[in-house]
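In: Got a predicted structure here, sequence first:
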Amino acid sequence: MRLGFFLHEATRSLKRNAIPSFAAMATVLVTVLVLGVFIPIVQATTGAANEVRQKVLVDVYLKSDAKPADVQRVEQRLKNDTPYVGTVDFVSKDKAYAEEKKRNPEAYELLGSNPLPDTFRVTPDSPGNVEKLRDALAPVAANGQRAAIDPTIDEVKNRRDDTQKILTATRVVKLSMGGLAILLVLASILLIANTIRLSLFSRRREVEVMKLVGATDWFIRWPFMIEGIVMGALGGVLAILLLVIGKIAFLDPLAQDFALIASPDTINFPLLVVVLLCASVFVAAAGSGLSLRRFLRV
Amino acid sequence: MAVRPRTRRELDERRRSNRQPVAPPARSASLPPDPRNVIEFRSVTMEYKGGEVGLDDATFNVRRGEFVFLVGSTGSGKSTIMRLLIKEREPTSGAIRVAGRDLAEMTHRKVPYYRRNIGVVFQDFKLLPNRTVYENVAYALSATGASRREIRNKVPDILRLTGLSLKLHSYPDQLSGGEQQRVSVARAFVNHPPLLLADEPTGNLDPTTSIGIMQLLYRINRTGTTVVVATHDSHMVDRMRRRVIELSEGTIVRDEASGLYAQDEQTTDEFGQLLTRAELDRLDP
């Protein structure tokens, strides 16, 4: 009975304040949309970078003109003469090509020739020794550059260095997106607060009468609270619908073509939907609460 | 010819010389509550923010089942008493007890439950324009958490009592002023509160309609409900001959068991005389 009464009052007032309600709803929609795009993107970039970073490996790339004898010599050196080496794994040109082609057939079809070098994947004897291993393979010379211990070796790479660059780039994106999201959340809260204030004003007679006949504070507040939450939830649901459409229309076909895009670990979609819905309801409740506290002294 | 009193002493003298004065109650706030009293005001002073005095050291009792008129000019403190009674305002000093409960000790949380025991009627009706008569009364009931069945039972009853059975589905703007005020009375009385307050209930109505509303209030009073009516309507007060508490600038200047609106009937003569003297002055510089 009570819930019915509250809902009835809330929809009544939503209808009466259609335009401000729509504005508030639209802001919530944009906010949730930005959050919905932003959360998986940030997760994908940082997640992918971290994953690569956590693989404690040193890649020893050989020059592309390396002969089998050279390869053999380097392997011997790695296995017998270098400290901190745990295991050595040889990935030949052809093997690397085959692997990559499997992951991305069309791109490699286009290339025609094989651009990949022979590679040794060297694991250190213990994860903490990864830097020492790298130093042993390619000591830092006086000029600050690294020189490899064998002329056949083109480059010695620690994956940490590569990922560092990605992480700094994503940090900028993360910060600006985060700032934008905060501003949008604030705007939504204020717009909802304003809409509720308008609604309070247009129903001040009802509120007055309710106070006189002895309605409790929350009995008076609930319809306004529900009104705000309905606005927020509606905006949230619409935004989620747009996200679903976007995912089905753009992301899923893309993921089929390029395995790489789908590969990073992101929040799974149902969980994302729940998070966004909670966020929109929270924003709406905060906005309504703000107005009720300031303008409804019961 | 009585001259209007100017000082507190003159007011006191006048109060003492009343024909049937109600015994002035004790002023001490710490006195135990009298169970026969529905309303007890003990030296209640109320100052508004700007320093305006709404009520100045008012002390009076209202017994259970009494019918009391509060009279006085605009700004004399009648509405202040109403506001204090529904705990919309707090007194600056003094104690107010309603049905033995000290209003100062009542927590904010309990105020709504307290208000359910008081019906309030206003000069401007305060009806909701976009709801029918039935809905207006039902709305008040549902605000107190009444069940749907209770509403279905109580609303038609009270509307029958107030003579609105045929207007159930009319909107307030389709009703006459008197009918609107009846709806307002119905809404105030639907819970059968032990105390009914009416602030200028006939202020917007013509004399004939006013009588109807007063009769309704009187009928409600006969069921045992204490009724307090603030009014300007001198004819009504003179006709009804109930207890009259007269206020002037926040002070109680008269409290009679069955009084007339005015202490003396010379006021109009007095005014006429003042007027003529002023006119004479103007004509004869």
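Out: Ah, there it is. All values derive from a computational prediction rather than experimental measurement. Numbering: from 1, shown residues only, chains lettered A, B, ... in the order given.

In: Spit out the contact partners of the residue nearest to residue B:173 when sequence neighbours are not counted.
Out: Distance criterion Cβ to Cβ, 6 or more residues apart in numbering or on different chains; nearest residue to residue B:173, sequence neighbours excluded, is residue B:129 at 6.3 Å. Placement of C-beta: from N, CA and C, glycine included. Residues near residue B:129 by Cβ atoms under 8 Å, 6 or more residues apart in numbering or on different chains: A:205, B:171, B:172, B:173.

In: now do the same end-to-end measure for stretch B:90-99.
Out: Taking Cα to Cα, to the nearest Å, the first and last residues of stretch B:90-99 lie 17 Å apart.

In: The residue nearest to residue A:123 when sequence neighbours are not counted in helix, strand or coil?
Out: Excluding the flanking residues, the one nearest residue A:123 by Cβ to Cβ, 6+ apart is residue A:86, at 4.3 Å. Here residue A:86 is recorded as strand under DSSP: H, G, I helix; E, B strand; the rest coil.

In: okay but residue A:86 is in contact with residue A:79, surely?
Out: No: Residue A:86 is not in contact with residue A:79 according to Cβ atoms under 8 Å; the separation is 10.7 Å.

In: which residues does residue A:109 contact?
Out: residue A:101.

In: near chain A, which residues of the stretch 51-200 of chain B show up?
Out: By Cβ under 8 Å from any Cβ of the partner chain, the residues of the stretch 51-200 of chain B that approach chain A are B:86, B:109, B:112-117, B:120, B:126, B:128-129, B:139-140, B:142-145, B:147-148, B:187, B:191.

In: Let's see that with 7 Å instead.
Out: B:112-113, B:115-116, B:120, B:126, B:128, B:140, B:142-144, B:147-148 (Cβ under 7 Å from any Cβ of the partner chain).

In: Pull out the buried residues from the residues you listed.
Out: Listed as buried from these are B:112, B:115, B:116, B:120, B:126, B:128, B:140, B:142, B:143, B:144; burial here means 16 or more other Cβ atoms under 10 Å in any protein chain shown.

In: Looking at these, which are in helices?
Out: The helices, defined by DSSP state H, take in B:112, B:115, B:140, B:142, B:143 from those.

In: which of those residues lies closest to residue B:179?
Out: residue B:140 (17.1 Å; Cβ to Cβ).

In: before we move on, the earlier item: now pLDDT too, for the residues of the stretch 51-200 of chain B next to chain A, in JSON lines please.
Out: Shown next, in JSON lines, are these (pLDDT from 0 to 100):
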{"residue": "B:112", "pLDDT": "90"}
{"residue": "B:113", "pLDDT": "91"}
{"residue": "B:115", "pLDDT": "91"}
{"residue": "B:116", "pLDDT": "91"}
{"residue": "B:120", "pLDDT": "93"}
{"residue": "B:126", "pLDDT": "90"}
{"residue": "B:128", "pLDDT": "87"}
{"residue": "B:140", "pLDDT": "84"}
{"residue": "B:142", "pLDDT": "85"}
{"residue": "B:143", "pLDDT": "81"}
{"residue": "B:144", "pLDDT": "82"}
{"residue": "B:147", "pLDDT": "87"}
{"residue": "B:148", "pLDDT": "87"}
